[in-house]
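In: Below are the sequence and a predicted model for it; my questions follow.
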Amino acid sequence: MWKTIIRRVLIMVPQIIILSLIVFFLAKLMPGDPFTGSGKLSPQMDLNQIQAIKKELGLLDPLPVQYFRWIGNILHGDLGMSYAYKVPVINLIAERAGNTIWLSLFSVLLTYLIAVPLGVLAGRYQGTHIDGGISFYAFAIIAIPGFVFYLLGLWLFGYQLGWFPTTGSISIAADGLLAKFFSRIYHMILPAILSSVISTTGIIQYLRSGIIDNTQEDFTRTARAKGVPERIVFDRHILRNSLLPIAAFMGNTITGLIGGSVFIENVFSYPGMGKLFIDSMNSNDYPIITSLTLLFGLMTLLGNLLSDIIMSIVDPRIRIE
Amino acid sequence: MNKAKVIGTLMFTSIAAVTLAACGSNSSSSKKTTSSNADTSKIKPYTTNNKKSVSGATFKYGEQSASPFTGIFSNELSVDAVDSDVIQFANEGLFKVDDSYAFVKGGAADIKLDDDAKTATITINPKVKWSDGKSLVAKDVEYAYEIIANKGTQSQRYTESLQNIVGMAEYHAGTAKTISGIEMPDGDNGLKVVIHFKQMKPGMNTSGNGFIWESAVPYHYLKGIAFNKLISSDQIRKNPIFYGPYKMTKLVSGQSAEFVPNEYYYGKKPQLAKITFEVVSPNQAPTAAAAAKYDMLAIGPTSYAKVKDSDKVTVIGKDPLSYSYMGFKVGKWDSKTGKNVMNKDAKMNNKSLRLAIAYAMNVKGVAEKLYPDTGSQLATLIPPAFGKWSDSSIKAYPYSLKKAEDLLDKAGYKKGKDGYRTNPDGSKLTINWATISGNQNTELMNKTYMQAWKKIGLHVVYTGGKPMDANAWQDAVMNDASNVDMYDSGWSMSSEPSQDDLYSEAAPFNWERFVTAKNTELLKNMNSDKAFDTDYRIDQFHQWQQYMHDEAYVIPTLYIKNLYAVTNRVKGLSLEPTSSWADVSVTSK
């Protein structure tokens, strides 16, 4: 298996190089530039000065020159400076990733905590009122666009009931390590719950149909015929097999923790990675766009690998060769 | 600080980012009414709460922004409107201004212009201290110029106007160690700065003129930092100091900041115990405003209807220094000579055609329907907020399809079988309109105009088939793309109304690219030696507005107030340029 993993990692190198090419040239093809894009100009500015700054930053060099300079810098661990924020991209990403990872982790845990029991119940008691209720919940949630759902949740719990803070990742009033920690958690609760509720539907449906399918499988019938207790039949034979499709996404779920959610971050003004990505595209902040796309690409490749490894652990029939 | 920025969009939330100008101290008693017709509406530019103030209260300020703020807390290095909004409670301009933005005595420093000696003498008020207790001195004023002009900082604030200071260009080029035209007769720690200009300009007595920098930097605090490291230094990013009524004590990067009174403030004692600043997503801003979540929160005109009936907040608003317009492309920018070159044969180079388009636009109707109480049709390119500089005798283009058709008929634009008009030479006429995709309101507005143009037989199509992405629009309009015949946009002007930056032959921002002898002459007159006589200057401004109205290279369209939702407990808050945060208090906890 180790051999396979190493080979897979080596294959990633050309994949990343191709990705970097695509990312770099697509970013440069976008209309506008970091200094003269929409909303950045004022009649009190001097376009000659802006041109001089662009020249000094190397933005006027031929694209291949810029590309190789960028790659060279990356190989030296330098992701560049953000044009908008004027700080090293690596610092910016580190700061935002901190916010995002905690929120995503919180929300992924909640997702599984809600979805797995519901899916299991619905599958096990197929056709009953429980199943009906859970299916209704799943379809209702899936029918509401995420964006609307978040705004509704914010309006209800943040404004009408006033239970949760409505914006940001931490309160300015929080002093001291402990207070800051709890303030962060407090700010995460509502966005985490809302985004986890939205993402439960897929898992519930997979699990429910998995359980229903597996209940009718030959091995289940055999087990029952042998007189294996129903609890063990369900836990060992049905549930374990039904979890496979969920395990298949596990790797990407883990590496995806860093990606963040554009919608949730937008609605809650939560400064995370998704927001950073969109903002950088709107303002043509090339160093951030390219760094993030590379990072996300790398994470996807790693996620796929991780998923395969997890699958091989969960399901002994699968071996990666 | 009077911020000015271009808005290539009709989303007025972005223009609304003009800040409460904290330029003076405490004499905001005379509220001059500007001559806008919208001023008769119920929206006032100040709060009217008369109850007794309470002490020890926290004032919550909300700022609409789709993104976290960048956090460059420096007038000299930042060009971001949100950043300057963050520090507005601490950051105070050097000079006090009156309601029409002219410099007056009584600020952190006084300025005296000497037209014969070609100097400006800045005398610092000896009582002014930075929030760390150190005095404001001459070097602090001078160093601001160095920061802007030094190549190491790559400041976007360096402009051609500043090169009017003797020795500025040499310092920028690195051939001089100091700016020879900025003298400190009593030394670095003195209170006097004399600036020598190559040429005096009539606008120099007004804030926002661009020739004189209107803020100072704490030299003692920044001196150890290399110019190229300034922008990322903690002294700018984390613990900036100013000499205004409040000082920043806490900061959550990109999200919020906290201010407490500056005990060394030279003016009126600040009345709030604390001010918190927080970024609010535009998605939830109307809800937050209506729920009185913040004591002050800028709102867009589209949220006005939702907020106006709330019994917890009052909407205050002020006519902005900005406007929307429709511009017609009649030439190209020549980058070799750095000049606009008009094309005699351009499609839009026909006054009757441009006027017909203007008459067919029901701007008044759009304003009344979509922006009730907050918007109106603008008549001239110098908006009423500029007071005497705006020519109130000019009447906006009336909505009249008949007038439009008559004009086109007379000019030889004949209607074909398909109902569309042809060029006077008989060739097909299609007008490409570049517009930015916006919200529901702008969609409705665009549709209204399109239908009217169709009615008078003009075949107007969107550049690219549909409203454009903002960056693509900017690219196309700025670079004179061949598929742009007209475009709509907005300008946010500086408080000194000179028009050279926008409409002169050498202005890159003259995106219409029109150059006429008369226009050049009028613009020249506005800033000529004769224009030191204010009456003459006003007359030239009025003549220019009339000329622009007659020629219609640019059609002023909507004029929409900057709006803020303010809780009913707030007292002493005003949007006038004379206002100060030291005047603001609350009347309940």
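Out: Done, it's in.

In: I figured A:Thr300 hits A:Ile254, correct?
Out: No - counting by CB atoms under 8 Å, A:Thr300 stays clear of A:Ile254, with 11.6 Å between them. Backbone N, C-alpha and C define where each C-beta goes, glycine included.

In: Contacts only, for the residue nearest to B:Arg354 when sequence neighbours are not counted.
Out: Using CB to CB, 6 or more residues apart in numbering or on different chains and skipping the chain neighbours, the partner closest in space to B:Arg354 is B:Ala552 (4.2 Å). Neighbour list for B:Ala552: B:Phe328, B:Lys351, B:Arg354, B:Leu355, B:Ala358, B:Tyr397 [criterion: CB atoms under 8 Å, 6 or more residues apart in numbering or on different chains].

In: Break chain A into its domains for me.
Out: Per the record, chain A has its domains at A:31-78, A:90-314, by automatic domain parsing.

In: Buried ones in the strand or helix carrying A:Ala115, by neighbour count?
Out: Using DSSP states H and E, A:Ala115 maps to helix A:89-124. Across helix A:89-124, burial judged by 16 or more other CB atoms under 10 Å in any protein chain shown covers A:89, A:92-93, A:95-97, A:99-104, A:106-108, A:110-112, A:114-116, A:118-124.

In: Give the members of the residues you listed that are also in contact with chain B.
Out: A:Glu95 (CB under 8 Å from any CB of the partner chain).

In: on that earlier part again, dump the helix or strand following the helix holding A:Ala115 to CSV, restricted to CA.
Out: Where DSSP H and E defines the elements, the next helix or strand beyond helix A:89-124 is helix A:129-143. Taking C-alpha atoms only, helix A:129-143 is exported to CSV below (Å, rounded to 0.1, in the frame of the first residue of the first chain):
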residue,chain,number,x,y,z
HIS,A,129,-44.2,7.6,10.6
ILE,A,130,-40.6,8.1,11.8
ASP,A,131,-39.3,7.4,8.3
GLY,A,132,-42.0,9.7,6.8
GLY,A,133,-41.1,12.5,9.2
ILE,A,134,-37.4,12.2,8.5
SER,A,135,-37.9,12.1,4.8
PHE,A,136,-40.1,15.1,4.9
TYR,A,137,-37.4,17.0,6.9
ALA,A,138,-34.8,16.0,4.3
PHE,A,139,-36.8,17.0,1.3
ALA,A,140,-37.9,20.3,2.9
ILE,A,141,-34.3,21.2,3.7
ILE,A,142,-33.1,20.3,0.2
ALA,A,143,-35.8,22.4,-1.3
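
In: what angle do helix A:129-143 and helix A:89-124 make?
Out: Between helix A:129-143 and helix A:89-124, the angle comes out at 150 degrees (axes from the mean of the first three to the mean of the last three CA atoms, to 10 degrees).

In: Show me what counts as buried in helix A:129-143.
Out: Those would be A:Asp131, A:Ile134, A:Ser135, A:Tyr137, A:Ala138, A:Ile141, for helix A:129-143 by 16+ other CB under 10 Å.

In: Please give me every residue in contact with residue 256.
Out: Going with chain A. A:Ser104, A:Met299, A:Gly303.

In: oops, chain B please
Out: A:Gly168, A:Ser171, A:Ile172, B:Thr276, B:Phe277, B:Glu278, B:Val279.

In: And the helix holding A:Ala115, how far out from the chain middle?
Out: On the basis of CA atoms, centre = their mean, to the nearest Å, helix A:89-124 sits 8 Å off its chain's mean C-alpha point.

In: Also stretch A:157-166?
Out: The answer for stretch A:157-166 is 25 Å, by CA atoms, centre = their mean.

In: Can you pull out the residues in contact with that stretch?
Out: By CB under 8 Å, 6+ apart, stretch A:157-166 touches A:Leu154, A:Ser171, A:Tyr186, A:His187, A:Ile189, A:Leu190, A:Phe268, B:Gln284, B:Thr287, B:Ala288, B:Ala291, B:Lys293.

In: hmm, back to that, from the contacts of A:Gly256, which single one is nearest chain B?
Out: Minimum distance to chain B across the contacts of A:Gly256 is 17.9 Å, recorded for A:Ser104 (CB to the nearest CB).

In: Can you name the residues that contact the closest residue to that closest one other than its chain neighbours?
Out: Nearest residue to A:Ser104 in three dimensions, chain neighbours excluded: A:Leu257, at 4.1 Å (CB to CB, 6+ apart). A:Leu257 makes contact with A:Thr100, A:Ile101, A:Ser104, A:Leu105, A:Val108, according to CB under 8 Å, 6+ apart.

In: Perfect, I'm done here.
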